[in-house]
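Student: Pasting the sequence and the predicted coordinates here, then a few questions.
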Amino acid sequence: MKAVPIFLVSITPPNDPDVVHLPLLETVFLKPEIGLERYDGIILTSKQGVEAIETIDPQWKQLPVLCVGKATQKRAESLGANVLERSDGYGAGLYDIVMRRYSDRRWLYARPKVVASDFAGRLRQKGVRIDDAVVYETVCGTANSDTAIPADAILIFTSPSALRCFTSRYDIVPTQELVVIGKTTAQALGKGRRVHLAAEPSVAACIALAKQLRGGTP
């Protein structure tokens, strides 16, 4: 019996031959003017943010960093950054970390054009000095996609942008199982759709859940 196919909509391909990557997203790096000398640290919420600021000014690694998620931390440290702390994968966790230990510092938030959490605005309301720099944008790719998506497929969405780009080309049918990386992506699907939320906000956790749903071994 043929296994139910799993499709991943994300920027980065999975390190799993059992999962089909749908490359519907592209990252556009931006070049804002950033004066790093004004800051005591940098906040990064994705691997794309790390790559973007590296292209803007490689000296960013001289400042300590707060990260969202294991993948962001791993990429930042691979480039030589000193990661002070990492949140559990959500912006709300960063808010708590900053308020507990680093509220007296001035922060640069190297962010995407569209954010899922306004933790920076909440920090500013508490008097924390934090500036936003829009360093990248996630857009829908222009390449044609001729991949057929079966009606029994399991679909993994890693962000609201991934969902938006998928639905601009495909229809989601009721017989497909939907796995999402976090609550914000689940909310983007709207009410009335049954979704499965990964145990933690990571691609690996999404894939493990998808395999459980189809009856395989994670």
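Tutor: Noted; the coordinates are in hand.

Student: Break the protein into its domains for me.
Tutor: Each structural domain of the chain that the record assigns through automatic domain parsing is listed here as a residue range: 6-24+146-213, 28-139.

Student: can those domains go into TSV with extra columns for mean neighbour count?
Tutor: Yep, even glycine has a C-beta here, placed from its N, CA and C like the rest. Conversion of the domains of the chain to TSV gives the following (neighbours: other CB atoms under 10 Å):
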stretch	mean neighbour count
domain 6-24+146-213	17
domain 28-139	18
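
Student: Mean pLDDT added to these, as CSV?
Tutor: What follows is these, written out as CSV (pLDDT from 0 to 100):
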stretch, mean pLDDT
domain 6-24+146-213, 90
domain 28-139, 92
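
Student: Outside of the longest strand that the chain contains itself, which residues are in contact with it?
Tutor: Taking DSSP state E as the criterion, the chain has its longest strand at strand 129-140. Where contact means CB atoms under 8 Å, 6 or more residues apart in numbering, the residues beyond strand 129-140 that reach it are 11, 24-30, 32, 34, 38-39, 43, 48-49, 51-53, 56, 98, 105-114, 120, 123-124, 159, 161, 164-165, 168.

Student: Tell me which of these fall in helices.
Tutor: Secondary-structure check on the contacts of strand 129-140 using DSSP state H: residues within helices are 48-49, 51-53, 56, 98, 120, 123-124, 161, 164-165.

Student: out of the residues you listed, who's nearest Ala198?
Tutor: Closest approach to Ala198 among those (CB to CB): Ser161, at 17.0 Å.

Student: Is the closest one in contact with Thr27, as I believe?
Tutor: No - the pair Ser161 / Thr27 is not scored as a contact, 10.1 Å apart, by CB atoms under 8 Å.
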